[in-house]
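Undergrad: only geometry, no sequence info:
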């Protein structure tokens, strides 16, 4: 371990010990979903899928999110379960995307998730006699939020690039040492499209995935491992009009994004049959400007692309100025084995 990593690890260890020793507990079930690397594992689509499934199973989900890069301080409602109340500048792109997708699910932003949860209980009330016991709180990006007790920790691991160069921040992408995998109650390998099924429901997977499973079991032999994809569903225009995946097959596109895993988005676009004339990347959570969009539109026109496409998360950061008429976003859904949900909601 090099000096920058040692310094990071020392700070990480002190912070984790302090937060763990002062951990608080909400009067209800708490489910955390997160990762041990910087971005790119698809936490937001997974949190959305969990909230939707929770509703079908009779739970009352409420998402607690940090609201990364949102400028509003203190616990606040991004949505109170009746639609979005903030924009991406106030709440952050991920929180706003969840509020757009889950119009009847409360989304509460706050760096302190205990305070955020108590705000939901105080303001939204309860259907039971004991306050808050009917909520199911979902911690978005909560694996490192040690200050709040959770009933289950779901850990997402990117199947295409699990641990980067295997170094801690700032020299690598790891938020924690790999031994932290041992804390997970459930592990999900995301971006695993190479997974196939052969006779009688038996799984077969690539040697890369097999090696990853073997390594994960060295750190955590007890946690069940599931496989997921972030599958393209449709395209969405700025006016809300939806286009099926078949729509793109005779179209040429120019793509751009500012997310944690740009190659994954590019590969997903290509999987739809689209012809990519160009592709531009920005840093994760990038704040786009008028000049950025003007340059993108000019590049797209020069490339001969008829349409410009980006992610739903990036669309959340494009409010406030005029956008090209030929801009669409690719709608992605988290898809996973049914047994995963059975395990998650087994309290």
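TA: Looks like it came in fine. Just so we're clear, the structure is a prediction, and the values are computed from it rather than from any experiment.
Undergrad: Wait, residue 328 touches residue 309, no?
TA: Yes - the pair formed by residue 328 and residue 309 meets the contact definition of C-beta atoms under 8 Å, at 5.3 Å. Every C-beta, even on glycine, is put in place using the N, C-alpha and C of the backbone.
Undergrad: Compare those two (neighbour count), which wins?
TA: Counted by other C-beta atoms under 10 Å, residue 328 and residue 309 do not tie: residue 309 has more neighbours, with 27 against 23.
Undergrad: In the stretch 1-150 of the chain, what residue spans correspond to strands?
TA: Remark: strands assigned in the stretch 1-150 of the chain by DSSP state E, counting those that start in this stretch are 29-34, 60-65, 76-80, 106-109, 135-140.
Undergrad: on that earlier part again, mind listing the shared neighbours of residue 328 and residue 309?
TA: residue 235 (C-beta atoms under 8 Å, 6 or more residues apart in numbering).
Undergrad: which residues touch stretch 338-347?
TA: The list of residues contacting stretch 338-347 from outside it, by C-beta under 8 Å, 6+ apart, reads 29, 31, 50, 53-54, 57, 59, 151-152, 154, 186, 188, 224, 226, 228.
Undergrad: so what's residue 260 up against?
TA: Each residue near residue 260 by C-beta under 8 Å, 6+ apart is listed here: 38-41, 284.
Undergrad: Now tabulate those in a markdown table and tack on neighbour count, pLDDT and distance to residue 274.
TA: Shown next, in a markdown table, are these (neighbours: other C-beta atoms under 10 Å; pLDDT from 0 to 100; distance: C-beta to C-beta, whole Å):
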| residue | neighbour count | pLDDT | distance to residue 274 |
| --- | --- | --- | --- |
| 38 | 15 | 90 | 28 |
| 39 | 16 | 78 | 24 |
| 40 | 23 | 77 | 21 |
| 41 | 31 | 84 | 24 |
| 284 | 18 | 91 | 23 |
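Undergrad: Can you convert those into TSV and add a column each for distance to residue 182?
TA: Converted to TSV, those look like this (distance: C-beta to C-beta, whole Å):
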residue	distance to residue 182
38	20
39	22
40	22
41	18
284	27
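Undergrad: Between which two of those is the distance greatest?
TA: With C-beta to C-beta as the measure, no two of the contacts of residue 260 lie farther apart than 41 and 284, at 12.1 Å.
Undergrad: one step back: can I have the buried ones of the contacts of stretch 338-347 as a ChimeraX selection?
TA: One line in ChimeraX is enough to select the buried ones among the contacts of stretch 338-347; burial here means 16 or more other C-beta atoms under 10 Å:
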select :29,31,50,53,54,59,152,154,186,188,226,228
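Undergrad: Cool, thanks, signing off.
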